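*Asks:* Build the 3D model from these lines:
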Amino acid sequence: MYMAKKHPLSNLTRTLQAGIVSGFIATAVGNFLGIITQSIAQTYYLETSIAAITLAAISMGIVGSLVFYFIRQQTKNHAHDIFSMIGLTVPTLITLYVLTNQYESPFRVIAVSVAYAVSMTTVILVPWLSDKYNVQK
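*Replies:* Prediction:
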């Protein structure tokens with residue numbers, strides 16, 4: 001009876017699963033926004049292509065889930081807040097880099113919007129899915 005109730009997967013495995021799922025959803029959101037914004041701007045940038053957004057979103061989901069797992073091990077009460085601050089630092093740094101260099105205006109809008117969309121999706125979904133999977137409980 002005990003074996004049937006106990007989950008065979010570790011907390012780290014479940015957190016990585018949450019990161020992969022959030023990475024796929026962030027990929028869909030980022031690619032949709034990238035296609036729409038590039039269509040509106042009537043231009044194409046290799047840096048905001050489907051392959052680049054997919055790689056960035058899935059990487060952010062997996063790395064974000066690992067970071068959230070280790071933060072949650074250290075602090076149970078403030079893990080979501082700390083993870084949100086770290087997760088929103090990445091698109092802010094991208095924004096500062098893009099805005100201070102000599103890029104075209106359409107690229108600035110596309111890069112910043114896609115970066116924030118992917119990051120916000122990851123920052124929201126990793127903690128939510130981790131709680132849904134009962135990680136760390």
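*Asks:* Let's check: the centremost residue of this structure is which one?
*Replies:* T122 (2.9 Å; Cα atoms, centre = their mean).
*Asks:* what packs against whichever helix in the chain runs longest?
*Replies:* In terms of residue count, the longest helix belonging to the chain (DSSP state H) is helix 11-41. Here helix 11-41 touches helix 50-74, helix 105-132, going by 3 or more Cβ pairs under 8 Å, 6 or more residues apart in numbering; DSSP states H and E. For glycine as for every other residue, the C-beta is placed from the backbone atoms N, C-alpha and C.
*Asks:* In TSV: the ones you listed, plus distance to P91 and mean pLDDT.
*Replies:* Formatted as TSV, the helices and strands packed on helix 11-41 follow (distance: least, Cβ to Cβ, whole Å; pLDDT from 0 to 100):
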stretch	distance to P91	mean pLDDT
helix 50-74	10	93
helix 105-132	4	92
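*Asks:* Let's have these in JSON lines, adding distance to L33.
*Replies:* Shown next, in JSON lines, are the helices and strands packed on helix 11-41 (distance: least, Cβ to Cβ, whole Å):
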{"stretch": "helix 50-74", "distance to L33": "9"}
{"stretch": "helix 105-132", "distance to L33": "5"}
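*Asks:* Looking at those helices, spot the one closest to Q42.
*Replies:* With Cβ to Cβ as the criterion, Q42 lies closest to helix 105-132 of the helices and strands packed on helix 11-41, at 8.5 Å.
*Asks:* Just the angle for that closest one relative to helix 11-41, thanks.
*Replies:* 150 degrees (axes from the mean of the first three to the mean of the last three Cα atoms, to 10 degrees).
*Asks:* coming back round to it: for S84, which of the helices and strands packed on helix 11-41 is the nearest?
*Replies:* Closest among the helices and strands packed on helix 11-41, once you apply Cβ to Cβ, is helix 105-132, at 5.2 Å.
*Asks:* Okay, buried residues for that closest one please.
*Replies:* 106-107, 110-127, 129-130 (16 or more other Cβ atoms under 10 Å).
*Asks:* so who does A57 touch?
*Replies:* G23, F24, A26, T27, V29, G30, V118, T121, T122 (Cβ atoms under 8 Å, 6 or more residues apart in numbering).
*Asks:* Right, I'll call it a day here.
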